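K.L.:
give me the fold of what follows.
(one chain, ligands or ions: 1)
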Amino acid sequence: MRAPAVESAPMVEITVFDNGPCKVTGGVVLKDMTGKPFNLPNKDQFALCRCGNSANKPFCDGSHKTTGFQSQCRATPY
Ligand code: FES
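P.N.:
Take a look at the predicted model:
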C-alpha cells in the first residue's frame, strides 16, 4: 500500500528592496490582527510597505520614492 502523496509547501519568497518595500512572491494569506485575510487582487505577488508612509498600509503605494526613505538591508551569513 502506498503512502498518501505529501504536498510540498508553497514556495514563498520575500525580497527586501533597497529604499523600498518588501516584495512577497508565492501563495500566501496575509491577515490582520483579528485573523481576517486581506482581499488581495494577486495573492502571488504584492509589496509590503517598509517606510511607513504608504496611504494604503500594509501595502506599498510608491510613497517611499518621494519621501527619501533610505534603507539597504543585506543578509549576513550564518
Ligand atoms: S515602502 Fe513603498 S510606500 Fe512604504
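K.L.:
and the residue positioned nearest the centre of the chain, how far is that from the ligand?
P.N.:
Among the residues of the chain, the smallest C-alpha distance to the mean C-alpha position (Cα atoms, centre = their mean) belongs to residue 24, namely 3.3 Å. Here the criterion is Cβ to the nearest ligand atom, to the nearest Å. By it, residue 24 lies 13 Å from the ligand. Backbone N, C-alpha and C define where each C-beta goes, glycine included.
K.L.:
identify the residues contacting that residue.
P.N.:
For residue 24, the residues meeting the contact criterion (Cβ atoms under 8 Å, 6 or more residues apart in numbering) are 12-14, 30, 45-48.
K.L.:
next, the residue nearest to residue 13 when sequence neighbours are not counted: phi, psi?
P.N.:
For residue 13, the nearest residue in space outside its immediate sequence neighbours is residue 25; the separation is 4.9 Å by Cβ to Cβ, 6 or more residues apart in numbering. Comment: the main-chain dihedrals of residue 25 come out as phi -130, psi 140, following degrees, to the nearest 10.
K.L.:
look at residue 25 and report its pLDDT.
P.N.:
Looking at residue 25, its pLDDT reads 96.
K.L.:
that one contacts residue 42, correct?
P.N.:
No - using Cβ atoms under 8 Å as the test, residue 25 is too far from residue 42 to be in contact (9.9 Å).
K.L.:
beta-bridge partners for the residue nearest to residue 13, please?
P.N.:
residue 13, residue 45 (DSSP bridges).
K.L.:
avg pLDDT for stretch 60-69?
P.N.:
Taken as a whole, stretch 60-69 has a mean pLDDT of 97.
K.L.:
how far does it sit from the chain's center?
P.N.:
On the basis of Cα atoms, centre = their mean, to the nearest Å, the separation between the geometric centre of stretch 60-69 and that of its chain is 16 Å.
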